[in-house]
Structures are given as structure tokens and as C-alpha cells.
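Enquirer: Give the three-dimensional model of this entry:
(one chain, ligands or ions: 2)
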Amino acid sequence: MRKILVTGGAGFIGSNFVRMVLTEHENCFVVNLDKLTYAGNLENLAGFENHPNHKFIKGDICDGPLIDKIIEQYEINAIINFAAESHVDRSIAEPKIFIETNVTGTLTLLEAARDNKLERFIQISTDEVYGSLGPDGKFTEQTPLSPNSPYSASKAAADHLVKAFAHTWGLKVNITRCSNNYGQYQFPEKMLPLMINNALNDKELPVYGDGLYVRDWLYVYDHCTAVWKVLTEAQPGETYNIGGCNEKTNLEVIDLILKRLDKPNSLIKHVTDRPGHDRRYAIDAGKIIRELNWNPSVTFEEGIGKTIDWYLSNNDWLSNVVSGDYQKYYDSMYENR
Ligand code: NAD
Ligand code: TYD
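Expert: Ligands and ions are numbered 1, 2, ... in the order given. Next comes the predicted model:
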């Protein structure tokens, strides 16, 4: 039995990964460690709480003794680190927690992996560590790191630490750098579910600047299958870019959402831009396609259709996450923008 420690498994991508593993890989036991910040939500794991191959533990990746105890108690073979503060706008408003969780937290996990001689440490990183592209070209694994936001700077710092642990102590590591994920259970601070939620409620859609910023959209399930392939098939030391080959401007994505929901374009409101906003991200995913035979399973049009349908049929989930503190966050970010 493979025994893995997944961190951040109550967040968007982590919970999708846990669901996929428990559904598709019966020979794997998952310990799911999550601090349950505003972004962590046990409802994302509904139906899997009592799965025999799943143990959820509420805790912080900065808590070294807790990590050691979990590794020993559950005889963990590998760590997959999804836990992070993940939203760029929040990192601009309050950067410090990004250093604590994304840098100190990753360091704490690396020390535990090294001291307990784990077979593998997988760091879930981001294409944002490469910085911003002009109109041409794509990020490859050789692109130098040049992060621009406090979020991406903290993720790049973590990537450097992961490499340093491999170089200095021979820790068997992989880094994955994916593009923008979308799909079920994404918290509506990120662009796509925020726009879906606003459109459903006939609220304005706050488009930063000219709306011509480009992201390379990756369906979350396809990201999860890629991470599984890295865990089970990659050579230690390798870094893999993961992308959906779906470059779209924000306005193109919003147009698809409005059409699918049969809402008018007049809901779009251009608002003050994000400071230091990265213009374009695009991933060259050739390495993982060639070496690990990974391929995305859906086109963007199929994926966004499934995603919108999921939000429509999970109205309870959505109304629960936008109750309470979400409204305060929304007002602080968008009022008078
Ligand atoms: P998310 O914000 O939805 O979830 C993060 C999870 O980590 C939450 O459940 C939260 O409770 C948990 N967490 C935060 N601090 C913690 C701590 N100190 N200890 C334990 N748990 C903690 O994020 P996501 O979108 O699922 O992203 C997951 C990973 O993927 C992150 O590392 C992120 O940098 C990376 N990533 C995300 C995207 C994207 O499009 N969402 C793109 C590229 C990379
Ligand atoms: P986001 O989902 O925050 O991801 P990231 O910035 O990490 O790529 O934003 C995606 C794009 O959408 C980005 O160009 C910023 C833009 N955006 C808006 O125009 N309005 C919004 O309210 C948000 C949250 C994002």
C-alpha cells in the first residue's frame, strides 16, 4: 500500500486530488493535513470523510513535530505539498502569511521528509514563478525564475528550497508547475468562479484593466492526473510544467460564462487594474506529454461547460462559501475599485 501525506487537501486542487486518488487508486492511503484557513473547506471532501483509505487531520504545515508524528504513525512514503496561500490579490494586500505558509511551511515539510528518509517529496508550484510573457513564446522548465507578485515570489522561494534539499541532502524531489486551474470546488476569489457567482446573482463582473490578460487554463482533474503520474512514474529531481494548451484572454473566458448562463455583456465592468499584473502566462507542457505520456482529457469548452454545470447544481456549496467572511473580503477588494 502506497501511503501519502497530502497537504492542503481541503482546498480546491488538493480536494480534487484526494477525491481522484480515493476513487481511482485503491492501493493508496491518504493522510490529508489541512489548516482549514478561509480557503480550506471540509465540504470539498463530502462523501469521502469516512473513506477507509482517508484520514483527515486539521493542522499546520509549519508544525514540525506534528509532521514527524504523522509520518511515523502512518508510515508515510511520500509528501505532496498542495498547501499554500494561493491568491495573488491577497498577497498584495497582506504578504506576510504567504512567507509563513509557502516558504516556512515548505521548509518544515522538507526537513521532515529529509529526516524521515521519505521516498519522494512533490512540490506543487505554479507557472507564475517564471514571471510574465510578452505576446510570443511559452514557459519551459528551463525558463529562469522571475516572479513578480508576493505570491509568486514565495512560491519561487519554496522551489529553490526544494532544489536545495535535493542538491544538499539527496532528497528525492519533483516540482510541478501548472497554469491556472479551473473546475469544481474552486473558491470564488479566483476569477472564474467569482465571475460565475456574480453572473448568477446579476452582479457586476469586475474585469481588471483592459481584460486582455492571458492565462492558460487547465481543468483541475487533468492537473490531478498529471500529479499522480509524477508521483508514480517520474524520476527524482525532475521538474514538470503542466498546462492545458488553452490560452484565453480574461474577456474571452467571461464571454463564454455569460453565454452559457444566458446573461448580458452589460454586467461587465472594467475596474482599476491589479498592481504589477502579469500580462500573459503560457505553458509548454511538452516534457510531461513526452516523458510521462500525460494528456489533458477535455477541451476548454468541455471543461468550462462541466464547471458551470457543477456550480449550477451545487448551489448550497456556493451559498455556504460566500456567506460570512467572503462578503467582507469582497467589499474590501472591490468596493470603490
Ligand atoms: P487553495 O487556496 O484553494 O487551497 C489551499 C489549501 O491549503 C486550503 O485548504 C488551506 O486551508 C490550506 N492551507 C493554507 N495554509 C496552510 C497551512 N499553513 N498548513 C496547512 N494547510 C494550509 O489553493 P489551490 O488553488 O487548491 O492551490 C493548491 C496549490 O496549487 C497551491 O500550492 C498553489 O500555489 C498551486 N497552484 C494553484 C493554481 C490555481 O490555479 N489554483 C495554479 C498554479 C499553482
Ligand atoms: P486569478 O484567478 O486571480 O489568477 P492569477 O492572477 O493567479 O492568474 O486571476 C486570473 C485573471 O483574471 C488575472 O488576469 C486577473 C483577472 N481578474 C479579474 O479581471 N477580475 C477579478 O475579479 C479577478 C479575481 C481576477
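Enquirer: So which bits of the stretch 101-250 of the chain are right by ligand 2?
Expert: By C-beta under 6 Å from any ligand atom, the residues of the stretch 101-250 of the chain that approach ligand 2 are Asn180, Lys190, Met191, Leu194, Pro206, Val207, Tyr208, Tyr213, Arg215, Asn250. Yep, even glycine has a C-beta here, placed from its N, CA and C like the rest.
Enquirer: just the buried members of the residues you listed?
Expert: Asn180, Lys190, Met191, Leu194, Pro206, Val207, Tyr208, Tyr213, Arg215, Asn250 (16 or more other C-beta atoms under 10 Å).
Enquirer: What residue, apart from its backbone neighbours, is nearest the first one spatially?
Expert: The shortest distance from Asn180 to any non-neighbouring residue, by C-beta to C-beta, 6 or more residues apart in numbering, is to Arg215 (4.3 Å).
Enquirer: ok, now which ones touch the one you found?
Expert: Ser179, Asn180, Met191, Glu247, Lys248, Asn250, Val253, Tyr281 (C-beta atoms under 8 Å, 6 or more residues apart in numbering).
Enquirer: tell me the SS of it?
Expert: Three-state assignment for Arg215 (DSSP: H, G, I helix; E, B strand; the rest coil): strand.
Enquirer: Could you list the residues of the chain in contact with ligand 1?
Expert: Residues of the chain lying near ligand 1 by C-beta under 6 Å from any ligand atom: 7-8, 10-14, 34-37, 39-40, 60-62, 82-86, 101, 105, 124, 126, 155, 178, 180-181, 187.
Enquirer: Give me the subset of those that lies in strands.
Expert: Counting by DSSP state E, the residues of the chain next to ligand 1 place Thr7, Asp34, Ile124, Thr126, Cys178, Asn181 in strands.
Enquirer: which among those residues end up buried?
Expert: Among these, the ones that count as buried (16+ other C-beta under 10 Å) are Thr7, Asp34, Ile124, Thr126, Cys178, Asn181.
Enquirer: Enumerate every residue touching the residue nearest to the first one when sequence neighbours are not counted.
Expert: Okay, so that is Thr7. Leaving aside its chain neighbours, Thr7 sits nearest to Ala83 (3.7 Å; criterion: C-beta to C-beta, 6+ apart). With contact set as C-beta under 8 Å, 6+ apart, Ala83 has these partners: Thr7, Gly8, Gly11, Gly14, Leu33, Asp34, Lys35, Ile61, Thr101, Gly105.
Enquirer: any idea how far ligand 2 is from Glu141?
Expert: 20 Å (C-beta to the nearest ligand atom, to the nearest Å).
Enquirer: what's the answer for Ser332, then?
Expert: Taking C-beta to the nearest ligand atom, one finds Ser332 at 13 Å from ligand 2.
Enquirer: Tell me which other helices or strands the helix or strand where that residue lies touches.
Expert: Per DSSP states H and E: Ser332 is located in helix 325-334. Helix 325-334 sits against helix 88-93, with contacts defined as 3 or more C-beta pairs under 8 Å, 6 or more residues apart in numbering; DSSP states H and E.
Enquirer: Quick one: residues in contact with the helix it packs on.
Expert: 85, 98, 128, 149-152, 154, 189, 274-276, 332-333.
Enquirer: can you tell if that helix touches ligand 2?
Expert: Yes - residues of helix 88-93 are located near ligand 2 by C-beta under 6 Å from any ligand atom, namely Val88.
Enquirer: I'd like the next helix or strand past that helix.
Expert: Next helix or strand after helix 88-93 toward the C-terminus (DSSP H and E): helix 96-98.
Enquirer: Might you quantify the distance of that following helix from its chain's geometric centre?
Expert: Taking C-alpha atoms, centre = their mean, to the nearest Å, the mean C-alpha location of helix 96-98 is offset from the chain mean by 17 Å.
Enquirer: how far does the next helix or strand after that helix sit from the chain's center?
Expert: Per DSSP H and E, the first helix or strand lying C-terminal to helix 96-98 is helix 106-115. From the chain centre to the centre of helix 106-115 is a distance of 21 Å (C-alpha atoms, centre = their mean).
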